[in-house]
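>>> Mind folding the following:
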Amino acid sequence: MFLANFASILLLASALLTSTTAVSFSSQENKDIVEKLLEDYNGNIRPDGENGTSSPTIVVINMYVRSISEFDDVKMSYKTQLTFRTQWLDPRLKFDSTDERRYVTLIPTTTGNKLWRPDLFFSNELQFTSHDGLLPNEYYRVFPNGEVLHSTRISVKWSCPMTLRLYPFDQQTCSMRMASYGYTTDDIIFKWKARDPIQVTSELHLRGFSLEKFTTDYCDSTTNTGTYSCLRVDFLFQRDFSSWCHHLFLPMIMSLLLIWVSTWITPSYTGATLVRALLLGGSSLYCKVTLWSFRPMPQISYTTALDVWDMCCTTFILLAIVEFVVVLVLRSGGKGDDDFSGSPGSRRIDIVMRIIYPIAIVACVCIYFATVPPKTEDDAEVEMEEEVPEMVEQNTVNTMKFQF
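Below is the predicted model of the structure:
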């Protein structure tokens, strides 16, 4: 009895599994169906719309983001590797089958190229690469009801105009935009897949950034030749502040504190003067070299948060150098010789510098980091809503956080 019940459960589970999984025909069946379908097929004519009318052909799009790489804030671009899928209904490709879940597969280099395909292009693309390898990484599947699924693996380098006023505390919204090149909305309408139109690999790695969230939207555009269907994806990237803190801000703060330490060396004789000068000069040079060598700076025409930090550090360096020169002049009595017995005024300047300098550094650091803090996710969401124009279709918002 137990074995009979167990066997029934296995059969039921098997039936449920096969009922949701599409399967291909045998090789011979596949060949016969494809030859029959393409016998009088004209791939230069778009499919009819719904119910065989002249209404627009609906093309449903979804994609799987395999990787995001080469995020370049100097050239303002980034690169993605995608599995890009399009689906549409072509009534001319209907065929008889007792199982609606079965499909025929078309080879892209031969029979697949005979099918009609939407004239989709990426409007903010800088570079496009199809993956061929041993064979082209794509396929076509045709289902009994005439539905066509095209899947291909591609790499695209995208333009991403950036606003860097808060650099390196900034967040950047980078888009993918895809549209029909020749067909207007009277002929083709692109739509996102209703469920999970964008999927992102869980093994996503991006140096210096984290992907906070992404949104899908519509961006139909009207020109002199008509209105064209358009889709867009907006990725919100948050710059990783920890690396900047460890490799830039902390070393520069430490170098300013070493400059302050140099004020405790009284230049009462030539050796002490030389030590103080070396400590002051070495710390100042290290502070500036740390900034210059950390990474390439974007070429922009406005002031960034990093420029403000640079100006603050330069001010403290110049202040220490001027104070050192004044102390030397007062101690030598303006004679330029090696007598550094000096006046009480030089000692008072050193004492004031020892007190005021660290207080000013701490105050400057506190004000700076309180003024330009990294944005929260709520701030980012508001920013994205302001940047993306209102569309007639409802947004599909996907909130994900990947820490790299």
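
>>> doesn't R117 fall inside a helix?
No - counting by DSSP: H, G, I helix; E, B strand; the rest coil, R117 is not part of a helix but coil.

>>> Skipping its backbone neighbours, what lies nearest it in space?
Take R117 and drop its neighbours on the chain: the residue closest to it by C-beta to C-beta, 6 or more residues apart in numbering is H150, 6.8 Å away. For every residue, glycine as well, the C-beta is placed using N, CA and C.

>>> Quick one: residues contacting the one you found.
For H150, the contact set (C-beta atoms under 8 Å, 6 or more residues apart in numbering) comprises R85, T86, Q87, G112, R117, E138, Y139, Y140.

>>> cool, and T227?
T184, T185, D220, S221.

>>> Kindly provide the distance from the residue nearest to R117 to F122.
16 Å (C-beta to C-beta, to the nearest Å).

>>> repeat for N44
N44 is 23 Å from F122, where distance means C-beta to C-beta.

>>> just T111 next, same as before
Per C-beta to C-beta, T111 is found 26 Å from F122.

>>> just checking, next helix/strand downstream of the helix or strand hosting L328?
Using DSSP states H and E, the element containing L328 is helix 305-331. Sequence order places helix 344-371 as the next helix or strand after helix 305-331, per DSSP H and E.

>>> More neighbours: which of T111 and F122?
Per other C-beta atoms under 10 Å, whichever of T111 and F122 has more neighbours is T111, with 20 against 17.

>>> Contact partners for the more buried one?
T111 makes contacts with V34, L38, Y140, as judged by C-beta under 8 Å, 6+ apart.

>>> buried subset of these?
For the contacts of T111, a neighbour count by 16 or more other C-beta atoms under 10 Å gives the buried set as V34, L38, Y140.

>>> Mark which of the residues you listed are part of strands, please.
Residues of these located in strands (DSSP state E): Y140.

>>> Distance to V362 for the buried ones among the contacts of T111 - can I get that in JSON lines?
As requested, the buried ones among the contacts of T111 are arranged in JSON lines below (distance: C-beta to C-beta, whole Å):
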{"residue": "V34", "distance to V362": "75"}
{"residue": "L38", "distance to V362": "76"}
{"residue": "Y140", "distance to V362": "66"}
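
>>> Make TSV out of the buried ones among the contacts of T111 and add pLDDT and distance to L285.
Formatted as TSV, those follow (pLDDT from 0 to 100; distance: C-beta to C-beta, whole Å):
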residue	pLDDT	distance to L285
V34	82	72
L38	85	73
Y140	92	63
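
>>> and which of the buried ones among the contacts of T111 is nearest R66?
Of all the buried ones among the contacts of T111, Y140 has the smallest distance to R66: 20.4 Å, by C-beta to C-beta.

>>> beta partners for the closest one?
L106, H150 (DSSP bridges).

>>> Nearest residue to T290 in space, please, no chain neighbours.
P251 (5.0 Å).

>>> can you pull the pLDDT of the one you found?
pLDDT, P251: 91.

>>> picking that back up, check what pLDDT the residue nearest to R117 gets.
Per-residue confidence for H150 comes out at a pLDDT of 94.

>>> Next: S175.
On pLDDT, S175 comes in at 94.

>>> Quick check: which element contains it?
With elements taken from DSSP H and E, the one containing S175 is strand 171-180.

>>> which helices and strands sit right next to the helix or strand following that strand?
Following strand 171-180 in sequence order, the next helix or strand is strand 188-192 (DSSP H and E). The helices and strands touching strand 188-192, judged by 3 or more C-beta pairs under 8 Å, 6 or more residues apart in numbering; DSSP states H and E, are strand 57-72, strand 171-180, strand 230-239.

>>> could you pull out the helices for the stretch 1-150 of the chain?
2-19, 27-37 (DSSP state H, counting those that start in this stretch).

>>> Lowest mean pLDDT across the ones you listed, which one is that?
Of all the helices of the stretch 1-150 of the chain, mean pLDDT reaches its minimum on helix 2-19 (a mean of 45).

>>> Report the contact partners of the most centrally placed residue in the chain.
Nearest to the mean C-alpha position of the chain, counting by C-alpha atoms, centre = their mean, stands F237 at 5.0 Å. Going by C-beta under 8 Å, 6+ apart, F237 touches F71, Q171, Q172, T173, C174, L206, F209, S210, L211, E212.

>>> Looking at strand pairing, list the partners for the third one.
What that stands for is Q172. Beta-bridge pairing for Q172 (DSSP bridges): F237.

>>> related to what we said a few turns ago, so which of the contacts of F237 sits lowest on pLDDT?
L206 (83).

>>> what's the burial count for it?
Counted with other C-beta under 10 Å, L206 comes out at 17.

>>> could you measure it against E70, distance?
Per C-beta to C-beta, L206 is found 9 Å from E70.

>>> Same check on N30?
40 Å.

>>> who's more crowded, those two?
Using other C-beta under 10 Å, the more surrounded residue of N30 and E70 is N30, with 18 against 14.
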